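A.B. asks: Attaching a predicted model along with its sequence, questions to come.
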There are 2 protein chains.
Amino acid sequence: MTTTKRGRPRSFDREAALAQATLLFWQHGYEGTSISDLTGAMGISPPSLYAAFGDKRALFTEVVDRYGGTFGAFMEKALDQESDPRAGFARMLDEAAVSYTSPEHPAGCLVISAATNYSPQTADVERTLRARRVANVRSFEARLRDAEARGSLPEGADTRALAVYFAAVVQGMSQQARDGATTAELRRAAEYAMAAWPEPPARGAGRAPA
Amino acid sequence: MTTTKRGRPRSFDREAALAQATLLFWQHGYEGTSISDLTGAMGISPPSLYAAFGDKRALFTEVVDRYGGTFGAFMEKALDQESDPRAGFARMLDEAAVSYTSPEHPAGCLVISAATNYSPQTADVERTLRARRVANVRSFEARLRDAEARGSLPEGADTRALAVYFAAVVQGMSQQARDGATTAELRRAAEYAMAAWPEPPARGAGRAPA
DNA sequence: GAAGTTCTGTAGCGATGGCTACGCAAATAC
DNA sequence: GTATTTGCGTAGCCATCGCTACAGAACTTC
């Protein structure tokens, strides 16, 4: 029952249409992409879109899922494949720099930029994306705790603040604040961020000040 | 000719109405805020809004300008008032952490979050905000160059990459990519970001690796 | 008072949003 | 072939969008 189905067969490539929809949502965001835009780019008519994907919301969900398995997969891969956590985070950031500026697709991260504008009636869209970002921060935190347990991080390191920090490097302090990070978390993250300041070699080793 | 004008006087407080509009745009973004939302919150009818502010676009411009002079003023102030550049950046980040999470207004930065979703017909809105962010990065860079000249930064420091880095901490690497940062800039910024990783004290001084 | 000017509220304009009814086209089942 | 199933295209529904015409209300000027 894989290939033989009754009725008129679909006349367009569902995967290709999904790829087109991904590019549009990535570029213009959820609200900025209309059904008319989508049907135009996918080369199909509205009824075909609704028959194949449900509604705009379901199509967007499918796009985000697909994105997580393709363009967005480098993060988890980098963190998983490097044995040293520091190398994992370094690779993740470096690959983000490359991916976010690739000319082959819209700039930045779809999850971050596709729904920072949300009207009251699309608040659930925003909730879905926010949940993903929050889960990502938790994932960072768990890995940092694991690094701490393995001695890659000094004991007593504020892994929560470090997790928020790395998320902030990727998503920005502003985005973090909108997603519910507390003042204290952000302030500690900012403190860590200051460690990147290159101390004049004369003064000595570079540790973050209290 | 300050107080005495002919005709029926305005029956609402223009400043208070502007403050309400600021909160709405801050919370929901440009597209996510409708004229109906605005008139409801401002307590006026559409014709009054248009008579007092022009159109939605002009109202938003006025809101952003007002924001820059009030909520957004802490950045320049922190950088200006601290004599040591490092202290200036540290204070700016710390105050951003506080401001972005203040319960007295929407979270995050209005300039960053109010128009990441932009439809083709509102591309000029996005251009305006992007110009402000790009100018901000340039301001960071100039201050870093100044710091370098005064010996607060080691000579040969990549001030451009550092400027992008600080902007990235505030706005996120994703946002930077969407605003036109190059792959190389983002990769170098990510390298600097790694300096925040706390080295185990046993191993020695913490410098970012090449 | 009358005239002139400016703001206010109702009511609605044209355009576009997401979405779908309906009839036809293209396949399988018998 | 006929019947059944499913996708396609036109054409349009209803809601909301930004915005405004119009008439009356509230002021200053004379």
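C.D. replies: Arrived safely.

A.B. asks: what about the closest residue in space to residue A:95 that isn't next to it in sequence, distance to chain B?
C.D. replies: Of all residues not flanking residue A:95 in the chain, residue A:74 sits nearest, at 4.7 Å (CB to CB, 6 or more residues apart in numbering or on different chains). (Each C-beta comes from the backbone N, C-alpha and C, glycine too.) Taking CB to the nearest CB, to the nearest Å as the measure, residue A:74 and chain B are separated by 13 Å.

A.B. asks: Mind listing what's buried along the helix or strand hosting residue A:74?
C.D. replies: Using DSSP states H and E, residue A:74 sits in helix A:74-81. By neighbour count on 16 or more other CB atoms under 10 Å in any protein chain shown, the buried set for helix A:74-81 is A:74, A:75, A:78, A:79.

A.B. asks: Stretch A:35-50 now?
C.D. replies: Residues of stretch A:35-50 classed as buried: A:37, A:38, A:39, A:42, A:44, A:48, A:49 (neighbour count, 16+ other CB under 10 Å).

A.B. asks: contacting residues around the last one?
C.D. replies: With contacts defined as CB atoms under 8 Å, 6 or more residues apart in numbering or on different chains, residue A:49 is in contact with A:17, A:35, A:38, A:39, A:42, A:59.

A.B. asks: and it, what pLDDT?
C.D. replies: Looking at residue A:49, its pLDDT reads 95.

A.B. asks: now it, what's its secondary structure?
C.D. replies: helix (DSSP: H, G, I helix; E, B strand; the rest coil).

A.B. asks: can you give me the helices for chain A?
C.D. replies: Assigned by DSSP state H, chain A shows helices spanning A:14-28, A:35-42, A:46-53, A:56-69, A:74-81, A:85-100, A:110-113, A:123-149, A:159-171, A:173-178, A:183-193.

A.B. asks: mean pLDDT for those: which is lowest?
C.D. replies: Taking the mean pLDDT of those, helix A:173-178 comes last: a mean of 52.

A.B. asks: Quick check: which helices or strands does the helix holding residue A:74 pack against?
C.D. replies: helix A:85-100, helix A:123-149 (3 or more CB pairs under 8 Å, 6 or more residues apart in numbering or on different chains; DSSP states H and E).

A.B. asks: Might you enumerate the residues of chain A proximal to DNA strand D?
C.D. replies: By the rule CB under 7 Å from any atom of the strand, the part of chain A lying against DNA strand D is A:5-12, A:44-48, A:51-52, A:119.
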